[in-house]
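Trainee: Below are the sequence and a predicted model for it; my questions follow.
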Amino acid sequence: MSTMWNDKTSVATQSATAAFDAWRVRADFPLLKQTVRGRPLIYLDNAASTQKPKVVIDTISRFYSEEYSNVHRGVHYFSQLATDLYEDARRTTQKFLNARHEEEIIFVRSTTEAINLVAQTFGRSKLGPGDEIIISAIEHHANIVPWQMICREKGATLRVIPMDEHGELILDAFEPMINEHTKLVSIVHVSNALGTINPVRDIIDIAHRHGVPVLIDGAQSVQHLPVDVQELDCDFFAMSGHKIYGPTGIGVLYGKKALLDDMPPYQGGGDMILSVTFERTVYNDIPYKFEAGTPNIAGAIGLAAALKYFRSHDITALAAHESELLSYATRKLQEIDALRIIGTAKEKASVISFTLCAVHPHDIGTILDQHGIAVRAGHHCAQPVMQHFGIPATVRASFSFYNTMEDVDALVHGIHSVLEVFA
Amino acid sequence: MGEIRDLYQEVILDHNKHPRNFHKMENADSTLDGYNPLCGDHYTFYLKFDGDSIGEVSFEGSGCAISKASASIMSTVLKGKSREEAETMFELFTGIVTGKIDPAEHIAELGKLAAFAGVSEFPVRVKCATLPWHTMHGALQGKNDNISTE
């Protein structure tokens, strides 16, 4: 385990072997105290978005109440203060991902925007007719559609690493797909629909042997696994703030400096320029080249608060707790005869997709909601994954470190109620 | 569980389990698909006219209990109705599931459709109930494009 997780701000009394106190963590999240139709909320929709700890809410509130101004603009006190906080947030994110340089951290809206940025800049400048991009069969629509769009525009081809019946990528099929036309490999780290943890380290090593850069979609990984972009040696890494206890509307694109320097700008506007005349514009350096217009300042500062909060926990104990939730929930759900777990990879994050014989996921979601249990029912923006398993949709229960074994019991009880209604 | 039983009434559960007129129709006068991309509900509806009246209605496809029961019950109540009567029932049905019309005032016309009154308490499920009716409405209006409730 990387030492970056155990800096001096960690609680000294915690250790890797100590039981993780999810009940104490829950107290940090005001929304978890809410009730739904008179029942305590059981929030199992964390892969869609996580709830926010009070420290994140307070940081954003304080920023708007006491520290706010635009950034990189004025000489006045609050502009300087806001700029410092915004750039501090960049350094916090750099430290979180262990990027070599702070300018390798670009603030965007979301993982989706991060991928679109790479598709529209790197993709637009590198792709030509006959070129190829490799993705996989387990991708979220956000790592399919941006590549389809640029491939169609450039006459390039999208190739797809296949997946087996467990929801694991068939890695043996990957290397033969790489050829002199391959310009990029873009792969999800953890599947939002199935929970599969992909062997991204192997994928990166294989791609690099052929000189092909790799983008990792980390939307579902950073909140579960330690990520060190230098250790992974990925070329791009995309993540969202709201899935790691931060605000919505803020995401991060990490890119290796040499690649980012070489890429054309994404959007034009303020902040991304050094000088503008009607004849010629000189673009700013990274990261500002990719941050046109007033950025989501409060979002970046809120994200930094969330990353610091997250890192204040012992990641080993946190991961052990989530793994325990996953194995307990898997075992309890498997005891239900009518239930089929979709996605049975050996390496999984705490995400369980399932179907219930003859009961549509939408009906299950509605009945669970009556019990105060929030799950996701649908195709999870991963229709090709659903097609692979020959189903229109699943119910997905996704666990955070603030979930407890009691939440799993409530889910199991709720599923029995569904079966009673549809008996 | 009272509220859940308001939504999943016996007649709805029965039609979900044993949908009526659930088959493809050869030589249909009108065939139209209804699709709810959010939850993946997808049905094909077949219509055969008998003069100005609806002779036969059938459907096939898959979706949640609410949409399937709605399609099944719709297929039974529309048989023999004129186009105008079908349009009136469409207005009435969409009115009660969206809570705009009080079902208590239309008990006689509603018949089995009254079972869907509980849907108005579940706003995210309204689209499930109305998908078959919107598709049928489209078919009666002579639309050829598939109907989507998104």
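Mentor: Nice, thanks for sending it over. Residues are numbered from 1 along each chain as shown, chains lettered A, B, ... in the order given.
Trainee: domains in chain A, as residue ranges please.
Mentor: With domains defined by automatic domain parsing, chain A comprises A:3-52+A:314-421, A:57-311.
Trainee: could those domains be laid out in a markdown table, adding mean neighbour count?
Mentor: In this view, the C-beta of every residue, glycine as well, is placed from N, C-alpha and C. Shown next, in a markdown table, are those (neighbours: other CB atoms under 10 Å in any protein chain shown):
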| stretch | mean neighbour count |
| --- | --- |
| domain A:3-52+A:314-421 | 19 |
| domain A:57-311 | 19 |
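Trainee: quick one, which of those domains is nearest to B:Asp102?
Mentor: Proximity to B:Asp102, assessed across these by CB to CB, is greatest for domain A:3-52+A:314-421 (23.4 Å).
Trainee: Packing partners of the helix or strand harbouring A:Leu318?
Mentor: Element membership for A:Leu318, per DSSP states H and E: helix A:315-334. Using 3 or more CB pairs under 8 Å, 6 or more residues apart in numbering or on different chains; DSSP states H and E, the elements in contact with helix A:315-334 are strand A:339-342, strand A:351-356, helix A:405-421.
Trainee: Show me the one of those that comes nearest chain B.
Mentor: helix A:405-421 (5.3 Å; CB to the nearest CB).
Trainee: Strands along chain B, start to end?
Mentor: B:30-36, B:41-50, B:53-62, B:147-148 (DSSP state E).
Trainee: how big is the angle separating the second one from strand B:53-62?
Mentor: I take that to be strand B:41-50. Between strand B:41-50 and strand B:53-62, the angle comes out at 160 degrees (axes from the mean of the first three to the mean of the last three CA atoms, to 10 degrees).
Trainee: For chain B, give me the ranges with low pLDDT.
Mentor: For chain B, the stretches flagged by pLDDT under 70 are B:1-2, B:149-150.
Trainee: Chain A contacts on that one?
Mentor: Neighbours of chain A within chain B, by CB under 8 Å from any CB of the partner chain: B:1, B:3-5, B:7-8, B:13, B:17, B:38-42, B:62-66, B:122, B:124-125, B:128.
Trainee: can I get the domains of chain A in CSV with mean pLDDT and distance to B:Leu92?
Mentor: Output for the domains of chain A, formatted as CSV (pLDDT from 0 to 100; distance: least, CB to CB, whole Å):
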stretch, mean pLDDT, distance to B:Leu92
domain A:3-52+A:314-421, 90, 24
domain A:57-311, 97, 38
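Trainee: and the closest residue to A:Thr196 other than its chain neighbours, what does it touch?
Mentor: Leaving aside its sequence neighbours, A:Thr196 sits nearest to A:Ala345 (CB to CB, 6 or more residues apart in numbering or on different chains; 4.1 Å). Contacts for A:Ala345 (CB atoms under 8 Å, 6 or more residues apart in numbering or on different chains) come out as A:His166, A:Gly167, A:Glu168, A:Leu194, A:Gly195, A:Thr196, A:Ile197.
Trainee: how about a cut-off of 10 Å?
Mentor: Each residue near A:Ala345 by CB atoms under 10 Å, 6 or more residues apart in numbering or on different chains is listed here: A:138, A:163-164, A:166-169, A:191, A:194-198.
Trainee: From chain B, how far off is it?
Mentor: For A:Ala345, the distance to chain B equals 23 Å [CB to the nearest CB, to the nearest Å].
Trainee: what about the helices in chain A?
Mentor: A:22-26, A:54-62, A:77-97, A:111-118, A:124-126, A:145-154, A:200-209, A:229-232, A:257-262, A:297-311, A:315-334, A:361-370, A:383-389, A:405-421 (DSSP state H).
Trainee: Point out the other helices and strands that the second one packs with.
Mentor: Read that as helix A:54-62. In terms of contacts (3 or more CB pairs under 10 Å, 6 or more residues apart in numbering or on different chains; DSSP states H and E), helix A:54-62 is packed against helix A:297-311.
Trainee: and the helix it packs on, what other elements does it pack with?
Mentor: With contacts taken as 3+ CB pairs under 10 Å, 6+ apart, helix A:297-311 sits against helix A:54-62, helix A:77-97, strand A:105-108, strand A:251-255.
Trainee: Which of the ones you listed sits closest to B:Glu109?
Mentor: helix A:54-62 (51.2 Å).
Trainee: which residues sit in contact with the residue located most distally from the centre of chain A?
Mentor: The centre of chain A is farthest from one residue, A:Glu279, which by CA atoms, centre = their mean lies 40.8 Å away. By CB under 10 Å, 6+ apart, the contact set of A:Glu279 is empty.
Trainee: Hmm, A:Thr93 is touching A:Gly299, no?
Mentor: No. Using CB atoms under 10 Å, A:Thr93 makes no contact with A:Gly299, being 11.6 Å away.
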